[in-house]
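K.L.:
Requesting a structural model of the entry that follows:
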Amino acid sequence: MAVTIRDVAHACGVHVSTVSRTFSAPQMVNAETRTRVLAAAEQLGYRPNRAARSLTTGRTGNLGLIVADLANPFFPPLIKAAQAAARAQDYHLFVADTDEDPAEEQDLVLAFSKQVDGIVLCSPRLSNKALGKLAETIPFVLVNRRMRGVPTVVMDVAHGARTAMEHLAGLGHRRVALVSGPAGSWTSGEIRRAATDMPGVETVVFGPNAPTEQGGVAVAGQIADAGVTGVLAYNDLVAIGLIEGLEQRGVRVPGDVSVIGIDDSVTGRLHRPKLTTVAMPTADAGRMAVDLLVRSMSAATVLDTHLVVRESTAPPKGSP
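P.N.:
Alright, predicted model coming up:
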C-alpha cells in the first residue's frame, strides 16, 4: 500500500499537521523536527500529493519558463540551469516556446497562469503595456528586459557590444555593419545603442532581421555591397548565417570582413572559423531568475558579459 502522511507522522512521533507543514511551509517548522520528518519520509518512500497540497495551500508547486525560440542554442543552458534551480526548491518547471510571436507569448502567459505559481519570461517581445497587464494576473520575472516594478535579470549586452566594437576599432576597422535583431527585441535595442556610439567608427545598421541562421544568410548580400570591413551581429546564429552567405559570394572571413557574434553558444565554438563573440551568462540568468521568482523578490540583477576573441576577426585587408 502507498505510504501516507499518517504513516510518516506515526514514524517520527508528530502530529499529521506537522508533517503537512514540513512540506507546504517548512519555514514554520522547527529545524530539528523538520529534519526528523524529512528523514522519516525518505526512509518510508513518502511523496507528498501535489494536487492535494495545492488545494490546501493555493500553490501548485509548478513554475513556467517561456522562451522566444527553443531551437536557438542561446536558450538550452538557461533552461537546464532554471530546471535545476526549480528542482532544488521542490518545484516542477514547464517550458514553452513563443516562436518569436508576441501574440503567442501573451496566450502562453495566460494559459500558464492557471497552472503555475509564477513564470520566468525570457527575451519577451510584448510591449511594456501588455506585460504590465499580465503582471496583474501572475507573478513573473523578466530575463533580458528591463521594466519598472517587475523583477528582472539582465545580461549586460550593451557592455558586451561596446567591447566588441572596441575590439574591431582596435584592429583598425573604421566602417562597421550592425546586423540587428527582430523588431521589439529589447536586447537588439541595447546592442544598437552601444554599437552606434563608438567614436571614430561609422556604424551602418541593417535590420530588423530574423534572429536565425537564415536571417544572417538573407542579409549577406547587403553586407557584401556595403563597403564595411567589420560586422557585429545580433547573435551567434545570425553571425554564422552571415559568414555562410558572405562565403557564397566569395567574401572571406576574416580575410575580407571580420564578424563578431553575441551569445558564445556551442554552435559558434564549433563553427569554422571559430566565432569571436560576446559571452552571455545564460546559465547564471536561469538560476537567478528562478531564485527571484521563488523568493518573491523585487530585484533588478545585472550580469556581466565579456568578449571571447577567436578566429573570425582580424585587421582589415591591406592594413599595415
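
K.L.:
just the strands in the stretch 151-300 of the chain please.
P.N.:
Taking DSSP state E, counting those that start in this stretch as the criterion, the stretch 151-300 of the chain carries its strands at 152-155, 175-179, 202-206, 230-233, 258-263, 276-279, 300-303.

K.L.:
show me what contacts the residue nearest to Val228 when sequence neighbours are not counted?
P.N.:
Counting by C-beta to C-beta, 6 or more residues apart in numbering, the nearest residue to Val228 once its immediate chain neighbours are dropped is Ala177, at 4.3 Å. Heads up, the C-betas are built off the backbone N, CA and C, glycines and all. Neighbour list for Ala177: Thr203, Val204, Val205, Phe206, Ile223, Ala226, Val228, Gly230, Val231, Leu232 [criterion: C-beta atoms under 8 Å, 6 or more residues apart in numbering].

K.L.:
Can you redo these as TSV, where the extra columns are pLDDT and neighbour count?
P.N.:
What follows is the contacts of Ala177, written out as TSV (pLDDT from 0 to 100; neighbours: other C-beta atoms under 10 Å):
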residue	pLDDT	neighbour count
Thr203	97	19
Val204	97	16
Val205	97	12
Phe206	98	17
Ile223	98	23
Ala226	97	16
Val228	98	22
Gly230	98	27
Val231	98	31
Leu232	98	29
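
K.L.:
Between those, which sits nearest Asp90?
P.N.:
Proximity to Asp90 was ranked across the contacts of Ala177 by C-beta to C-beta; first place goes to Leu232, at 42.4 Å.

K.L.:
in the sheet, who's paired with that closest one?
P.N.:
With beta bridges defined as DSSP bridges, Leu232 has these partners: Leu178, Ile260.

K.L.:
In this structure, what helix or strand scores lowest on average pLDDT?
P.N.:
Across the helices and strands of the chain, mean pLDDT, DSSP states H and E gives its lowest value to helix 50-57, namely a mean of 53.

K.L.:
Would you mind identifying the next helix or strand past that one?
P.N.:
In the C-terminal direction, the helix or strand that comes right after helix 50-57 (DSSP states H and E) is strand 62-67.

K.L.:
Tell me how far that next one lies from the chain's centre.
P.N.:
Between the centre of strand 62-67 and the centre of its chain there are 12 Å (C-alpha atoms, centre = their mean, to the nearest Å).

K.L.:
what are the pairing partners of that strand, and which direction each?
P.N.:
Strand partners for strand 62-67, identified by DSSP bridges, are recorded as strand 92-97 (parallel), strand 119-122 (parallel).

K.L.:
if we can go back for a sec, would you mind giving the contacts of Ala177 as CSV with distance to Ala285 added?
P.N.:
Compiled in CSV, the contacts of Ala177 are given as follows (distance: C-beta to C-beta, whole Å):
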residue, distance to Ala285
Thr203, 27
Val204, 30
Val205, 26
Phe206, 27
Ile223, 30
Ala226, 33
Val228, 31
Gly230, 28
Val231, 26
Leu232, 21
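
K.L.:
Looking at the residues you listed, which is nearest Ala158?
P.N.:
Minimum distance to Ala158 across the contacts of Ala177 is 12.2 Å, recorded for Leu232 (C-beta to C-beta).

K.L.:
Just list the residues touching the closest one, thanks.
P.N.:
Applying C-beta under 8 Å, 6+ apart, one finds that Leu232 lies in contact with Ala161, Ala164, Met165, Leu168, Val176, Ala177, Leu178, Val179, Ile191, Ala195, Ile260, Ile262.

K.L.:
got a markdown table for those residues, with distance to Thr18 and pLDDT too?
P.N.:
As requested, the contacts of Leu232 are arranged in a markdown table below (distance: C-beta to C-beta, whole Å; pLDDT from 0 to 100):
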| residue | distance to Thr18 | pLDDT |
| --- | --- | --- |
| Ala161 | 54 | 98 |
| Ala164 | 57 | 98 |
| Met165 | 60 | 98 |
| Leu168 | 63 | 98 |
| Val176 | 65 | 98 |
| Ala177 | 65 | 98 |
| Leu178 | 60 | 98 |
| Val179 | 60 | 98 |
| Ile191 | 54 | 97 |
| Ala195 | 59 | 95 |
| Ile260 | 58 | 98 |
| Ile262 | 51 | 98 |
